[in-house]
Structure formats: C-alpha cells, structure tokens
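# coords please:
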Amino acid sequence: MKNKVVDLLEQNIEGMSHDELSQLVEIPPKTEMGDFAFPCFRLAKIYRKAPQMIAQDLKEKIGTADFLNKIDVQGGYLNFFIDKEKFAQQIIEDYRNAKEYGSSTEGNGQTICIDYSSPNVAKNFHVGHLRTTIIGNSLHKIFKKLGYNVVRINHLGDWGTQFGKLIVAYKKWGSKEAVEQDGISELMSIYVKFHEEAEKDPSLNDEARAWFTKMEHGDKEALSIWKWFLDISLKEFMRVYDILGMEFDSYNGESFYNDKMPAVIEELKEKGLITVSEGAQIVDLEKYNMPPCLITKKDGSSLYATRDISAAIYRQNTYHFTKCLYVTGLEQKLHFAQWFKVIELMGYDWYKGLVHIPYGLVSLKSGKLSTRKGNILYAEDILKESIQKIHQIIEEKNPDLPDKDTVAKQVGIGAIIFNDLYNQRIKDVLFDWDKLLNFDGETGPYVQYTYARAASVIRKVGDIDPSVFDYSVLTDDASMALLKEISRFPEVVKDASEKYEPCVVARYAVSLAQTFNKFYHDCQINVEEENVKFTRTNLTRIVKNIIRDALDLLGMSCPEQM
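Residues are numbered from 1 along each chain as shown. Below you'll find the model as predicted:
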C-alpha cells in the first residue's frame, strides 16, 4: 500500500524518484491522521509556495484512487486514508502468495562468508565469546533468508606464542592425567602459573618463543602436544555449540594458514609493500594515518595480520565471496582497518567486500568482566543456569506443562540470545538475570509467551480452513495495527541485513508481540459468528508464523505451550 501511495505521488510530482519519495512518506503517530502522510516542506523551495498550498494542489491533482477512502490536508502534510478492507486483503494476499514471507532472491548466486565465534584454544569459552557467536549466527540466518549462500567460519585461535607458553607450562607443572581429567580448566591453570613464574624468571618467555618457533617449523613433539590441546578444547567448545543449536561450515583456525603464509609474504615483497623495521617485516601505512601493519616479527614468526591476510585470500579463492564479514570486538577496529588496507594495496578489488562487524562489551551488574578478579561467567555455566532458572519458574507456575525440559531449554537459551541482540550490537550488554528472564518486559520470554498464546488460541478453535478471510472483520484499529506490523516483516529483514543489525529483528519481534496482545485483548477470537472466528484465528496463525520466523532469525526457537 505504501508503494501504491508513492506511485501516486511519483505520477504527480516532477523531479523526485520513487526511492526519494518512499523515504519521505511517513506513518502518522495517530490513526485519525491517516495511514500514510507525505510532508510537503521539501517542495516549498522548488514550487515557491507554502507547504500547505502544495499539499492542497497535490490533493486536487491526485483526485481519487481505488485503494483510498480519502486524501486530506493537515498543515503541510498530505494524509492518505487507506480503504481498510482492501488494505487487509492486500496484506493477507501478500503473505499467502509468498513462498516464504520475508525472504527474497537478492542474494541468489552470491556468497557471504561470516567469521564469528572463533574462541581461543585452551581458554574457557566465557560470556564475552557468546556475543560474537550469537551475533554471527543471527547474521548468517538473516542473509540466508535473503537468498545468499552463507559460509559459517569458526576461525579458531589455535596458533601463536601462547602455545609455546602452554607447552612450557605443561612440561614444567602439568601432567597428562590432570589435563585429561579437567580439560581446559587445567590448561588455564598451568597457563596462569606460567605468567606468575615468568615474572620471576623472564627466561621462560624465551623458552616459550623457542617452542612456538618449533611449532612453526613442524617439530613433531611440539605439534603433537599442540594437537592434543586443540582436541581437548574443541570437545568443550562443541558442548556450548550443541546447547545453542549452532553449527559451522569450517573450523579452519589460524594454524590452517601456516603453510599459506610464505607465498603471501613473498607476494607482498614482489609488490614492493614490505619494509624492514628493526628486523621485523612491516607494511608502512603512515600515509593512511595508521600504524604499520606487522607481517613478521624479527625472529621470522607470523602475526595475526599475516594469518588474516592469508585467510582472506584463501577464502576469496575458495568461496569467491561477495562479502566476508568479521564479527569481533570493537577494540579490534584498527587491526582490521590495517590489514583491509593491505589487501587493497595488494591490488585486490574484492577488499571492498571485507567488513568488520564490531560489538560492545558484556558487563555484570557488579562491574566489567575480569579474569584476574574472578568476575567472569563461563558460557556453558550461564546457559545451563538460565535453563535451570526457567525450569524453576515452570515448576512454580505451570507444573503440569508437557515436555518441561524442552521448554526450559528453549526459553532459557532464548532469553540469553534475545538479551544480547535486543540493543544495537555496538552497545555494551548488561547481564542481569532479573531483566533477561522477565516474562513481561521487552524480552525473549515475553515474545515466546506471545507465540505460545497464539498457538493456544489456534488449538482451542480447532481445525478450520486457513484460507478463510472476511476482510470486513479486520477494519477495526487493533486489527489494522496488527496488519501493518505483519506488512513490515520483509522490510525489517532487509533493513537488518543492510545495517548488519539483528536488533532490528529483535525489536520488531517485540513490537509484533505487543500489537498482537492488544488485538487479543480488544478482539474476541473464539466467538459464535464463524466469519469472525475464522478470520481472526487465521490472522492469529499468520502472526504466530511470523513470530516463529523472526525468532528463528535470532537463533531462537518457540515452545507451543508455556
């Protein structure tokens, strides 16, 4: 309907494109002011008339249209009142005619790689790591809905000097039995011990560097220990991914690019981009107002940038991506800006498709997360605790609920995901149990409960023909507001993809749930008149499906009963 309004305006206003007019058309704050409004203030300079006079002229030029009840002038606005029955019919038919509502074919034939999660081997997967994992998973689902081939890449932090430190720590203070019994916890413990001892004896750092150099040169013992640490870590990471219901297409970590880096370094030299500074090889970025990008240390060992450049080239050659997204913390902004610039200087035009997706920190009510201070939450612990807390709420409020374990898992995990994605990703996330498990606020449990309410309505009405609609039943304010929310979903998915912002979907889900709950309150559904009962039930079915699809885009699932 908005497009129809814009078409009318385009036919009667010279010099403005469909897109320009579409951006100007507004939805008035009150229904009595119309369904759509066009502000004429921008046209005042062009036509050298007062906005109200321009609005009046446009009204007379447009005349009438079959989908409009009337056009009105209020101040400098041209207000359009839609024929409500035709509007209802248009929205319902759009939904029913769509193969998958909200999807599109814009991404057909194009690939997007998303690099996310990427925890460091031999370190606990904490609540901070959940941010990249949850955001990346949602972006993968959003782009997939738009028809893109999406490659989910878990670029494990499995290479670097820290593994030299870990090998030294294991040989001096660890044991095979302790590592096999306690896994990452034991590796973390001996890693902390290394740093404590290295403060007293700095030569330990030299030993660590020596062991990492052995790794880079293919030493069998060094690589055997490293591979063991990697297997132990992956086993623990997979438990977290299983709880979240997430999968990846590639687990190629930093180590995968070890044999690919020499060719990249050679290419950088051939293209005259390498400068030697104090024994290290760098790419000078001073003219771009950035510090130098370090390619190798003076001992010849590689760095993050070397591995990231090699990985990007490999991914382009392998997947031929249109875009490659990197979901990491805001603090890495400079790192990505540097090596993106190196890719550009190498002459690769696909550098334009490299995108850093930064996000803010996670903090607790008691303050920032800190490993040293013990103020930290581990991902597996909080996911299990959230499930347990929802279990307790179910036992208190609905102890006879079928399949309580599944519902507790869906709502408990969903609460954490939604809490993360509800605000813009660049903002810090406050981890507060009372807020995120609230069934009445703008939370995951609230939206899931609304879904369950819609499912309950449909069950109570029983089997009816889902195609039956009497559009005259849907002309009241609550129904119209709900139809408008339904019509927004395809635009919301597109907007979320363009902004790389899952919060656009999360906020829409809350808005749709709130609007449905008002409809549920104002419009009795299970009534005697069959045309009313069938129409409102089938509208409820559409809302239920869209809530399910919206939450799926966030990585959440919906319980049929709560």
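# which residues touch Phe229?
Listed by Cβ atoms under 8 Å, 6 or more residues apart in numbering, the contact partners of Phe229 are 121-122, 163, 166, 187. No exception for glycine: its C-beta is placed from N, CA and C like everyone else's.
# return the distance of it relative to Lys533.
Per Cβ to Cβ, to the nearest Å, Phe229 is found 63 Å from Lys533.
# picking up where we left off before, and which of the contacts of Phe229 is nearest to Leu146?
Among the contacts of Phe229, Val121 lies closest to Leu146 (Cβ to Cβ), at 33.3 Å.
# state the distance from the closest one to Ile295.
23 Å.
# again, but for Gly109
Distance from Gly109 to Ile295, by Cβ to Cβ: 35 Å.
# next: Tyr148.
Counting by Cβ to Cβ, the gap from Tyr148 to Ile295 is 32 Å.
# likewise Ile413?
Distance, Ile413 to Ile295, using Cβ to Cβ: 41 Å.
# next one: Leu345
In terms of Cβ to Cβ, Leu345 sits 12 Å off from Ile295.
# what do you get for Asp420?
To Ile295, Asp420 is 35 Å away according to Cβ to Cβ.
# swap in Lys227?
26 Å.
# the more surrounded of these two?
Ile295 (24 against 12; other Cβ atoms under 10 Å).
# what sits closest to Leu337 if chain neighbours are left out?
Check again: residue 337 is Ala, not Leu. For Ala337, ignoring the flanking residues on the chain, the nearest one in space by Cβ to Cβ, 6 or more residues apart in numbering is Met290 at 6.3 Å.
# burial of the one you found, as a residue count?
14.
# shaky segments in the chain?
Across the chain, the ranges flagged by pLDDT under 70 are 364-376.
# could you break it into its assigned domains?
Split into domains by automatic domain parsing, the chain comes to 2-82, 111-260+298-364, 412-554.
# okay, now Gly279: neighbour count?
For Gly279, using other Cβ under 10 Å, the count is 10.
# isn't it right up against Lys298?
Yes - Gly279 is within contact range of Lys298, at 3.1 Å (criterion: Cβ atoms under 8 Å).
# quick one: Val240 from Tyr378, how far?
Separation of Val240 from Tyr378 (Cβ to Cβ): 9 Å.
# which neighbours do the two share?
In contact with both Val240 and Tyr378: Phe125, using Cβ under 8 Å, 6+ apart.
# can you map out the strands along the protein?
In the chain, the segments counted as strands under DSSP state E are 36-39, 68-74, 77-82, 111-115, 149-153, 275-277, 280-283, 293-296, 323-329, 354-359, 362-364, 367-368, 429-431.
# Gln89: neighbour count?
16.
# so it makes contact with Tyr471?
Yes - using Cβ under 8 Å, Gln89 is in contact with Tyr471, at 4.8 Å.
# anything in contact with each of those two?
By Cβ under 8 Å, 6+ apart, no residue touches both Gln89 and Tyr471.
# now what about stretch 48-67, what contacts it?
Counting by Cβ under 8 Å, 6+ apart, 1, 4, 8-9, 12-13, 38-41, 43-44, 47, 71-73, 75-78, 82-83, 86-87, 90 sit against stretch 48-67.
# show me what counts as buried in it.
Neighbour counts using 16 or more other Cβ atoms under 10 Å place 51-52, 54-55, 57-59, 62, 67 of stretch 48-67 among the buried residues.
# what do you get for stretch 179-194?
Within stretch 179-194, the residues that count as buried by 16+ other Cβ under 10 Å are 179, 183-184, 186-188, 190-191, 194.
# which among the residues you listed gets closest to Glu491?
For the buried residues of stretch 179-194, the minimum distance to Glu491 (Cβ to Cβ) is 43.6 Å, reached by Ile184.
# what about Ala415, how many neighbours?
Neighbours of Ala415 under the rule other Cβ under 10 Å: 26.
# equivalent analysis for the one 5 residues further on, please.
Here the count is done by other Cβ under 10 Å, and Asp420 has 27 residues near it.
# my guess is it meets Thr132, correct?
No - assessed by Cβ under 8 Å, Asp420 is found out of contact with Thr132, at 10.2 Å.
# my guess is Val457 meets Phe519, correct?
No - contact criterion Cβ under 8 Å: Val457 and Phe519 do not qualify, at 10.6 Å.
# neighbour-wise, which of those two wins?
Of the pair Val457 and Phe519, Phe519 is the one with more neighbours under other Cβ under 10 Å, namely 24 against 19.
# so what's that one up against?
478-479, 481-482, 539.
# 6 Å instead, please
Neighbouring residues of Phe519 by Cβ atoms under 6 Å, 6 or more residues apart in numbering: 478, 482.
# cool, and the one 4 residues further on?
Contact analysis of Cys523 by Cβ under 6 Å, 6+ apart lists 478, 536.
# and it, backbone torsions?
Main-chain torsions, Cys523, degrees, to the nearest 10: phi -120, psi 100.
# torsion angles phi and psi at the residue nearest to Ala337?
Backbone geometry at Met290, expressed as degrees, to the nearest 10, gives phi -130, psi 150.
# ok, Val504 - contacts?
For Val504, the contact set (Cβ under 6 Å, 6+ apart) comprises 492, 495-496.
# fine by me, we can end here.
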